[in-house]
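S.K.: Give me a model of this one.
(one chain, ligands or ions: 3)
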Amino acid sequence: MANPSSFASHFRHISAVYDKALERSNFDQLNVYSGARKYRHNDDLPYPFHVNTQFKALIPLADAPYSWVIWRPSQKPTLVFLQSLNFWYAPPSLPEDGWLDLFDVVVIRSPEEARPYVTTGGNCAFLGEPDPGIASWNVGERNPESMIHFLAWFRSYKTPYEVSCIEEANRISAKGHCAAREVFYQGGSEFEVSEAFQLACSQGEDELAYPSVIGINEHAAILHYIVRDRKSPPKENLHSMLIDAGASFAGYASDVTRTYAFAEGMFKDMIVALDREQRGFVDRLNTAETYQEANIDALTSVAALLKDFGVIKCCVDTALELGVVQVFMPHGISHFLGLQVHDVGGQQAGLDGELPNPDSRIQTANRLHRKVEPGHVVTVEPGIYFIETLLKQIAESRNRGIVDWDVVEQLRPYGGIRIEDNIAVSADGVVNLTRDAFGAV
Ligand code: GLY
Ligand code: MN
Ligand code: MN
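M.R.: Ligands and ions are numbered 1, 2, ... in the order given. Here you go, the predicted model:
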């Protein structure tokens, strides 16, 4: 449960941000919609409900379909909360937490009952997914871009309450990761590892921050591998496991990856080396001006590591300039973390959503282009992968000779490595929420 006292000071902070957002766009009411339930085509079974994070940014409620937060500058906000009398499913319940006192609460019994509260005829803005049920409602200007950018910009500065939620999510994840590691070393399948993680976290699949990525052997080369084989390879063919799995807490995500080798050897040495580099990136993070700079730092170190292990033969600068190291690490080093696992606000250069101007050596998939600033919570997640399609591209290019293909063949059955921690940046330095959490388990 959210801690009510720190929630109150968090709430004071976001109140100022939302009041300002309304004031600068000349709206006098903001209607934030939690979202509708979605159903499978031609079926009466709903998909799992995932609340709009713009709603969750104001109120720590996840199970609240068809509900609204109504925000007016300098006034107590209203929560319009649907508790239907549908006897098929348990109705969502309101928590007993003290934070509820910060809202005027209106309980409605059908989605339609919200209409008079959000169609006041005033100068309103609407944030959320416009589902067909509210298509004809005059809820105000839908998703005004300038407001979205402004709010996303400020969402990147986490309050102490938010950092404590991400910290707690990491504590839960650390328990899950320890259980998962044990199952892997006992020869368990990807599916069994996934079950062990969830059980130790006591979170169902849809409560986790994102679908767990659990790849044994070559599967570790697929960045978001979520198949989860029921069978594990025989122990003589068991090489490695990459697990990228994160629990959530009070709506906040953790995002944690560990990679394990089943036996001693070059791949295990590579994990140890990348782990050492990763801790270095974390320590140096707030000496970087921008996350782009941190990204180049990471690519440079990964290139040096690949050279040390004999995977590439050229010098570090050439590996970066020719895009060779990016074949082995085709993702960015960091992204924002918060109410979403890839939290908003990283792709804008200013609070009005100006586009960043990325360094050409960094992948277009890079999610973070901001200055490194106190209040940010980010991941630091270097990787080295042996990805079939990308290796083929380089093998067929004129840079083929830069790679030692015999070494690649030795490492290919291991898939890849990612080591990912969650880092809170403050004026005094950085705090590694993940390593602290593992240390406490
Ligand atoms: N778990 C997704 C990511 O690491 O970005
Ligand atoms: Mn991540
Ligand atoms: Mn991850």
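S.K.: Would you enumerate the residues in contact with the residue nearest to E145 when sequence neighbours are not counted?
M.R.: Distances taken as CB to CB, 6 or more residues apart in numbering put G353 closest to E145, at 6.5 Å, once the chain neighbours are dropped. No exception for glycine: its C-beta is placed from N, CA and C like everyone else's. Taking CB atoms under 8 Å, 6 or more residues apart in numbering, we find G353 in contact with 145-146, 148-149, 152.
S.K.: give the contact list for K20.
M.R.: Here K20 is in contact with F150 (CB under 8 Å, 6+ apart).
S.K.: where does it land in three-state SS?
M.R.: On the three-state scheme (DSSP: H, G, I helix; E, B strand; the rest coil), K20 is labelled helix.
S.K.: Distance check, the residue nearest to E145 against A16.
M.R.: G353 sits at a distance of 20 Å from A16 (criterion: CB to CB, to the nearest Å).
S.K.: now swap in V407 and tell me
M.R.: 55 Å.
S.K.: More neighbours: those two, which one.
M.R.: V407 (16 against 11; other CB atoms under 10 Å).
S.K.: now the more buried one: how far from I312?
M.R.: Between V407 and I312 the computed distance is 9 Å (CB to CB).
S.K.: just V302 next, same as before
M.R.: 10 Å.
S.K.: hey, what's in contact with both of these two?
M.R.: V325.
S.K.: For the nearest residue to V378 once chain neighbours are set aside, which three-state class applies?
M.R.: Take V378 and drop its neighbours on the chain: the residue closest to it by CB to CB, 6+ apart is S334, 4.4 Å away. Using three-state DSSP, the structure places S334 in coil.
S.K.: what about stretch 333-343, average pLDDT?
M.R.: On average, the pLDDT along stretch 333-343 is 98.
S.K.: Kindly report the same for stretch 140-156.
M.R.: If you average the pLDDT values across stretch 140-156, you get 97.
S.K.: From ligand 1, how far off is P160?
M.R.: Plainly put, P160 is 24 Å away from ligand 1 if you go by CB to the nearest ligand atom, to the nearest Å.
S.K.: Next: G251.
M.R.: Distance from G251 to ligand 1, by CB to the nearest ligand atom: 17 Å.
S.K.: Then P77?
M.R.: 32 Å.
S.K.: What count of nearby residues applies to that residue?
M.R.: 19.
S.K.: right, and it touches V69 too?
M.R.: Yes - in this structure, P77 is within contact of V69 by CB atoms under 8 Å, at 5.7 Å.
S.K.: distance between the ends of stretch 28-46?
M.R.: The straight-line separation of the ends of stretch 28-46 (CA to CA, to the nearest Å) is 35 Å.
S.K.: Mind listing the shared neighbours of P77 and V69?
M.R.: Joint contacts of P77 and V69 (CB under 8 Å, 6+ apart) are 58, 103.
S.K.: residues near L223, how many?
M.R.: 17.
S.K.: And for L322?
M.R.: L322: 18 neighbours (other CB under 10 Å).
S.K.: what's it in contact with, if anything?
M.R.: Here L322 is in contact with 314, 399, 402 (criterion: CB under 8 Å, 6+ apart).
S.K.: Dump those into JSON lines; add secondary structure, distance to E112 and neighbour count as well.
M.R.: Output for the contacts of L322, formatted as JSON lines (DSSP: H, G, I helix; E, B strand; the rest coil; distance: CB to CB, whole Å; neighbours: other CB atoms under 10 Å):
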{"residue": "C314", "secondary structure": "coil", "distance to E112": "66", "neighbour count": "19"}
{"residue": "N399", "secondary structure": "coil", "distance to E112": "62", "neighbour count": "18"}
{"residue": "I402", "secondary structure": "helix", "distance to E112": "64", "neighbour count": "17"}
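S.K.: Using TSV, lay out those residues together with distance to ligand 1 and pLDDT.
M.R.: Formatted as TSV, those follow (distance: CB to the nearest ligand atom, whole Å; pLDDT from 0 to 100):
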residue	distance to ligand 1	pLDDT
C314	28	96
N399	27	95
I402	28	97
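S.K.: Can I get the residues you listed in a markdown table including distance to D428?
M.R.: Putting these into a markdown table (distance: CB to CB, whole Å) gives the following:
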| residue | distance to D428 |
| --- | --- |
| C314 | 40 |
| N399 | 43 |
| I402 | 42 |
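S.K.: near ligand 1, which residues of the stretch 251-400 of the chain?
M.R.: Residues of the stretch 251-400 of the chain lying close to ligand 1 (CB under 6 Å from any ligand atom) are 255, 335, 341, 381.
S.K.: Ligand 1: which of those residues is nearest?
M.R.: D255 (4.9 Å; CB to the nearest ligand atom).
S.K.: residues in contact with stretch 144-152?
M.R.: Stretch 144-152 is contacted by residues 17-18, 20-21, 24-25, 27, 30, 54, 57, 125, 127, 344-345, 348, 351-353 when judged by CB under 8 Å, 6+ apart.
S.K.: Can you list the buried residues in that stretch?
M.R.: Buried residues in stretch 144-152, counting neighbours by 16 or more other CB atoms under 10 Å, are found at 144, 147-152.
S.K.: Might you list the low-confidence residue ranges for the stretch 151-300 of the chain?
M.R.: For the stretch 151-300 of the chain, no stretch is flagged by pLDDT under 70.
S.K.: so what's the spatially closest residue to F267 that is not a sequence neighbour up against?
M.R.: Leaving aside its sequence neighbours, F267 sits nearest to Y414 (CB to CB, 6+ apart; 4.4 Å). By CB under 8 Å, 6+ apart, the residues touching Y414 are 217-218, 220, 239-240, 261, 267, 386.
S.K.: Sweet, I'm off.
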